[in-house]
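Trainee: Task: produce atomic coordinates for the following.
(one chain, ligands or ions: 1)
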Amino acid sequence: MKILLTGGSGYIGSVTTELLCDGGHDVTVFDNLERGHIEAVDPRARLVVGDLREPTGILDAMRAVKPDAVVHFAAYALVGESMQDPMMYFHNNTTGGLHLLDAMLKVGVKKIIFSSTCATYGQPEKMPMDETLPQRPTNPYGESKLMFETALRWEQQRRGIQPVFLRYFNACGASAKYGEDHDPETHIIPNVLRVALGQADAVPVFGDDYPTPDGSCIRDYIHIVDLARAHILALEKDVTGPFNLGTGTGFSVKQIVDTCREVTGHDIPVKMSPRRPGDPACLVASAAKAKEILGWEPVRSDIRTVVSDAWAWHQAHPHGYRKA
Ligand code: UDP
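Mentor: Model (predicted):
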């Protein structure tokens, strides 16, 4: 397949590009390299540097490539930042998405796999979370992603767009080549491993008074190689609609720290800290639909494998993609 993939220099986009290239697909990455890393773009893919907030670059790329399908990752993805600057998120994630959709409609490309998020659900009323839950985002990040889902859904009815919404839970782990390198890093596993690398004295645990067995927040951690595999299945199958991607099992922040201690052999000190605004106590996916319809099942997402793969990557890249 000929694929136009936005955001191929980012964390999940880089690994999906890698797996698509492994599978013999012809991939063009469209990316502004603002938050990603050029070193993370698989050299077997073509790279077009451009920004989705500007409509002509993506239209030119769409016309030049005429892809069989689009895989759309390029976005801002930090909840806290979106609370500080909502418009930044609506411009990049929503307007950028609309420019991409416009280019697809002009060139006649129908299929799009969209990198969505469990943040579109907001505070869930039941656990585990399936795709029938109402979408009531509690932050501009989730809202900006939901707005683009909505545009895709209407153009599915109107002009036959075939969207797949992959709603990720907590992406983590690494492939042998590509891993997690954000600046600033806000995610739990890389922040814990940073202590094991000697780059921080302790990891903050944001809240130990949640209504969970050990008081810290519970999340559903899904390996990026498993996430990337779901995109390929969604491309290969004649499917549309939403799919939650998680393991169905939750781990608390304290359990993550314990697993990191076991894997690294380091005594990782923690610093009990106040709750982080906007954090729900517990988010766990039901991935039954993805299993049934996509035939997707996580194979690398047991928590020890996740942490071991992340640890291997961070040891090999102690300063991320930077050489120094
Ligand atoms: N967390 C933490 N310390 C950190 C980073 C995160 O205690 O240094 C907690 C955070 O409050 C949340 C969980 O770890 O309960 C997962 O956070 P992360 O940012 O990795 O993912 P999110 O669920 O926010 O997408």
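Trainee: pLDDT weak spots in this protein?
Mentor: Counting by pLDDT under 70, the ranges of the chain that qualify are 323-324.
Trainee: Tell me which stretches of it form strands.
Mentor: For the chain, the strands defined by DSSP state E cover 2-6, 26-31, 46-49, 69-72, 111-117, 162-168, 170-172, 203-206, 218-219, 221-223, 241-245, 251-252, 270-273.
Trainee: for the first one, packing partners?
Mentor: Right, the one you point to is strand 2-6. Where contact means 3 or more Cβ pairs under 8 Å, 6 or more residues apart in numbering; DSSP states H and E, strand 2-6 is packed against helix 11-22, strand 26-31, helix 55-65, strand 69-72. Every C-beta, even on glycine, is put in place using the N, C-alpha and C of the backbone.
Trainee: between these, which gets nearest to residue 310?
Mentor: Taking Cβ to Cβ as the measure, the helices and strands packed on strand 2-6 were each checked against residue 310, and helix 11-22 came out nearest at 11.2 Å.
Trainee: counting contacts, what elements does the closest one pack onto?
Mentor: strand 2-6, strand 26-31, strand 69-72, helix 224-236.
Trainee: Include distance to the ligand and mean neighbour count when you put the ones you listed into JSON lines, please.
Mentor: Formatted as JSON lines, the helices and strands packed on helix 11-22 follow (distance: least, Cβ to the nearest ligand atom, whole Å; neighbours: other Cβ atoms under 10 Å):
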{"stretch": "strand 2-6", "distance to the ligand": "21", "mean neighbour count": "25"}
{"stretch": "strand 26-31", "distance to the ligand": "22", "mean neighbour count": "25"}
{"stretch": "strand 69-72", "distance to the ligand": "19", "mean neighbour count": "26"}
{"stretch": "helix 224-236", "distance to the ligand": "13", "mean neighbour count": "23"}
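Trainee: Just send the ones you listed back as JSON lines, with distance to residue 168 too.
Mentor: JSON lines is the format used below for the helices and strands packed on helix 11-22 (distance: least, Cβ to Cβ, whole Å):
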{"stretch": "strand 2-6", "distance to residue 168": "16"}
{"stretch": "strand 26-31", "distance to residue 168": "19"}
{"stretch": "strand 69-72", "distance to residue 168": "13"}
{"stretch": "helix 224-236", "distance to residue 168": "6"}
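Trainee: Any chance of the strands of the chain in CSV with distance to residue 190 as columns?
Mentor: Shown next, in CSV, are those (distance: least, Cβ to Cβ, whole Å):
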stretch, distance to residue 190
strand 2-6, 23
strand 26-31, 21
strand 46-49, 25
strand 69-72, 24
strand 111-117, 19
strand 162-168, 16
strand 170-172, 8
strand 203-206, 10
strand 218-219, 14
strand 221-223, 12
strand 241-245, 20
strand 251-252, 16
strand 270-273, 15
